[in-house]
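Trainee: got a structure for you, letters missing:
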(Lines give C-alpha, C1' and ligand atoms only; values in the text may rest on other atoms or scores of the structure.)
Protein backbone atom coordinates (compact mmCIF):
# COMPACT_ATOMS: atom_id res chain seq x y z
CA UNK A 1 0.00 0.00 0.00
CA UNK A 2 1.31 3.47 -0.87
CA UNK A 3 1.62 6.45 1.42
CA UNK A 4 -1.16 8.11 -0.53
CA UNK A 5 -3.50 5.28 0.47
CA UNK A 6 -2.40 5.68 4.09
CA UNK A 7 -3.09 9.43 3.99
CA UNK A 8 -6.49 8.75 2.43
CA UNK A 9 -7.32 6.22 5.13
CA UNK A 10 -6.43 8.71 7.88
CA UNK A 11 -8.38 11.46 6.13
CA UNK A 12 -11.51 9.28 5.83
CA UNK A 13 -11.48 8.51 9.55
CA UNK A 14 -10.89 12.17 10.30
CA UNK A 15 -13.70 13.33 7.99
CA UNK A 16 -16.10 10.91 9.66
CA UNK A 17 -15.10 12.16 13.09
CA UNK A 18 -14.15 8.64 14.12
CA UNK A 19 -11.50 8.26 16.76
CA UNK A 20 -11.46 4.54 17.37
CA UNK A 21 -8.96 1.71 17.13
CA UNK A 22 -9.23 1.77 13.33
CA UNK A 23 -8.17 5.41 13.32
CA UNK A 24 -5.24 4.64 15.61
CA UNK A 25 -4.23 1.73 13.37
CA UNK A 26 -4.35 3.99 10.30
CA UNK A 27 -1.74 6.21 11.99
CA UNK A 28 0.31 3.14 12.96
CA UNK A 29 0.28 1.91 9.36
CA UNK A 30 1.37 5.32 8.08
CA UNK A 31 4.14 5.53 10.70
CA UNK A 32 5.48 2.10 9.83
CA UNK A 33 5.53 2.85 6.11
CA UNK A 34 7.39 6.14 6.38
CA UNK A 35 9.82 4.85 9.03
CA UNK A 36 10.66 1.84 6.84
CA UNK A 37 11.57 4.42 4.18
CA UNK A 38 13.76 6.31 6.69
CA UNK A 39 11.41 9.29 7.14
CA UNK A 40 11.85 9.69 10.88
CA UNK A 41 10.23 13.14 10.99
CA UNK A 42 6.88 11.98 9.62
CA UNK A 43 7.21 8.67 11.45
CA UNK A 44 7.45 10.50 14.76
CA UNK A 45 4.37 12.59 13.97
CA UNK A 46 2.28 9.59 12.90
CA UNK A 47 3.42 7.56 15.93
CA UNK A 48 2.52 10.46 18.26
CA UNK A 49 -0.94 10.67 16.73
CA UNK A 50 -1.39 6.91 16.98
CA UNK A 51 -0.36 6.96 20.65
CA UNK A 52 -2.80 9.80 21.33
CA UNK A 53 -5.74 7.91 19.82
CA UNK A 54 -4.72 4.66 21.57
CA UNK A 55 -4.67 6.57 24.89
CA UNK A 56 -8.11 7.97 24.25
CA UNK A 57 -9.65 4.67 23.13
CA UNK A 58 -7.84 2.10 25.29
CA UNK A 59 -6.30 4.17 28.09
CA UNK A 60 -2.84 5.56 28.72
CA UNK A 61 -1.70 2.30 30.32
CA UNK A 62 -2.62 0.19 27.29
CA UNK A 63 0.09 -1.77 25.54
CA UNK A 64 -0.61 0.01 22.25
CA UNK A 65 -0.43 3.51 23.78
CA UNK A 66 2.85 2.70 25.51
CA UNK A 67 4.36 0.99 22.45
CA UNK A 68 3.54 3.82 20.06
CA UNK A 69 4.50 6.51 22.55
CA UNK A 70 7.94 4.87 22.70
CA UNK A 71 8.05 4.66 18.90
CA UNK A 72 7.34 8.40 18.73
CA UNK A 73 10.28 9.02 21.05
CA UNK A 74 12.67 7.03 18.85
CA UNK A 75 11.24 5.92 15.51
CA UNK A 76 14.59 4.46 14.48
CA UNK A 77 13.88 1.57 16.88
CA UNK A 78 11.20 0.23 14.51
CA UNK A 79 12.48 -3.12 13.22
CA UNK A 80 11.97 -2.19 9.56
CA UNK A 81 13.62 1.22 9.83
CA UNK A 82 15.94 1.93 6.94
CA UNK A 83 14.83 -0.74 4.52
CA UNK A 84 14.83 2.13 2.04
CA UNK A 85 16.48 5.54 2.29
CA UNK A 86 14.07 6.99 -0.27
CA UNK A 87 12.42 9.55 2.05
CA UNK A 88 15.23 10.00 4.56
CA UNK A 89 14.74 12.70 7.19
CA UNK A 90 16.08 13.13 10.69
CA UNK A 91 13.61 12.86 13.54
CA UNK A 92 13.92 16.56 14.39
CA UNK A 93 13.56 17.83 10.82
CA UNK A 94 10.32 19.49 9.83
CA UNK A 95 8.73 17.42 7.06
CA UNK A 96 8.30 19.66 4.05
CA UNK A 97 8.21 19.73 0.31
CA UNK A 98 6.60 16.38 -0.35
CA UNK A 99 3.01 15.87 -1.31
CA UNK A 100 1.43 12.42 -0.88
CA UNK A 101 1.86 11.74 -4.62
CA UNK A 102 5.61 12.37 -4.32
CA UNK A 103 5.92 9.27 -2.14
CA UNK A 104 4.72 7.10 -5.00
CA UNK A 105 7.41 8.14 -7.48
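Mentor: Everything's here; your move. All values derive from a computational prediction rather than experimental measurement.
Trainee: I'd like the next helix or strand past the top helix by length along the chain.
Mentor: Of all the segments of type helix in the chain, defined by DSSP state H, the longest one is helix 40-58. Using DSSP states H and E, the next helix or strand after helix 40-58 towards the C-terminus is helix 63-73.
Trainee: List of residues touching the longest helix of the chain?
Mentor: The contact list for helix 40-58 (Cβ atoms under 8 Å, 6 or more residues apart in numbering) reads 19-21, 23-25, 27-28, 30-32, 34-35, 62, 64-65, 68-69, 71-72, 75-76, 78, 81, 87, 89-95. From N, CA and C alone the C-beta is placed, and that goes for glycine too.
Trainee: any idea how far the helix or strand of the chain with the lowest mean pLDDT is from the chain center?
Mentor: Each helix and strand of the chain was given a mean pLDDT (mean pLDDT, DSSP states H and E); the minimum falls on helix 3-16 at a mean of 75. Average the C-alpha atoms of helix 3-16, do the same for its chain, and the two points are 12 Å apart (Cα atoms, centre = their mean, to the nearest Å).
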